[in-house]
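Novice: Let me see the structure of the following:
(chains A and B)
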Amino acid sequence: MADRTVKSDDTNDLVLSNNDGSAKIEVNEAQNIILTGGSTTGLTIDTSGNTTLAGTANDIGTVTSGTFNGTIGTSASGSSNLPAVKTALNASGDAGIYACRAWVQFSNSGTRTGYGNVSSVTDEAQTGQYSINFENGMGDDNYAFAGMIANTTDNWSSDSTGATRGPPGIFQNGTSQPAAGSCKVQSRYGTENSSDGNDIEFSQYTVVFFR
Amino acid sequence: MKVIIFPEENGSISVCNPTGALSVEATALKDVPTGVKYKIIDASDLPTDRSFRIAWEFDFSTDFDGVGA
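Specialist: Okay, the predicted model is just below:
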């Protein structure tokens, strides 16, 4: 049996509507398809095949291709290590992705030059000791951090030599256990002479936190 | 630029540098230890010589802007 087709005439749109017109499917002469519910247009397909969802999309299933330009609501769920996300991040292989949850770059006075999810850096009186305070806490203290120190103590005028020359280090403070809301770090001399291990402040610190 | 100073247990001074993620006042309430008095000052008012950083002092007994929450 041949397909049954309903067509509008040359000048009018084709509209399938409820009694008061608040819900309708419209195929118009401008080659658009418009779906309306509750007097609000929810879906439009234009002449190029582009689709516009005006409302909230619930239970849309699996998006297999194309580009998503909307906003994902806070109640939307997804799976960990989503293949599409891994591809976008060039994260090949089976290893999962674990996010950097906070980072900060700061000077010896604790003044930040860049940051993410860090509300402040406290320069403590003890040489080379800083408390990094998170804007939003980690949830618990089971996180990892890594840090880098610029190998200069004179604000980039010279490379550190002698006692401060490699490997100087940035450490977790030995008397302050990391907390969900903050992490205390300190920096020390490298291992070359009688100053080995003494605390010292460097011109710039960069610290990242993973969880 | 504003910074928040507060006393350490040993009497020295900590200098809290807000990143700008929160207001200075909100940062002070959140990041100054609970129950500790703090003072908000201009960073330019801090000593420039850090040689004796541990010897910095400030009298918080009557001059403070709030208490860490």
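Novice: Leaving out sequence neighbours, find the closest residue to residue 29.
Specialist: In the absence of a named chain, this looks at chain A. residue A:13 (6.0 Å; Cβ to Cβ, 6 or more residues apart in numbering or on different chains). Where you see a C-beta, it was placed from the backbone N, CA and C, and this is true even at glycine.
Novice: try chain B instead
Specialist: residue B:69 (4.4 Å).
Novice: which stretch of helix or strand covers whichever residue of chain A sits closest to chain B?
Specialist: Using Cβ to the nearest Cβ, the single residue of chain A nearest to chain B is residue A:125, 3.2 Å away. Using DSSP states H and E, residue A:125 sits in no helix or strand.
Novice: For it, give its distance to residue B:12.
Specialist: Distance, residue A:125 to residue B:12, using Cβ to Cβ, to the nearest Å: 3 Å.
Novice: Spell out which residues of chain B are next to chain A.
Specialist: Contact residues, chain B versus chain A (Cβ under 8 Å from any Cβ of the partner chain): B:1, B:4, B:8, B:10, B:12-22, B:27, B:30-31, B:43, B:46, B:50, B:53-54, B:56.
Novice: Same question for residue B:44, what's its three-state structure.
Specialist: Secondary structure, DSSP: H, G, I helix; E, B strand; the rest coil: residue B:44 is helix.
Novice: What is the burial count for the residue in chain B that chain A sits nearest to?
Specialist: Residue of chain B nearest chain A, by Cβ to the nearest Cβ: residue B:12 (3.2 Å). Neighbour count of residue B:12, defined by other Cβ atoms under 10 Å in any protein chain shown: 16.
Novice: Enumerate every residue touching it.
Specialist: Neighbour list for residue B:12: A:124-126, B:54-56 [criterion: Cβ atoms under 8 Å, 6 or more residues apart in numbering or on different chains].
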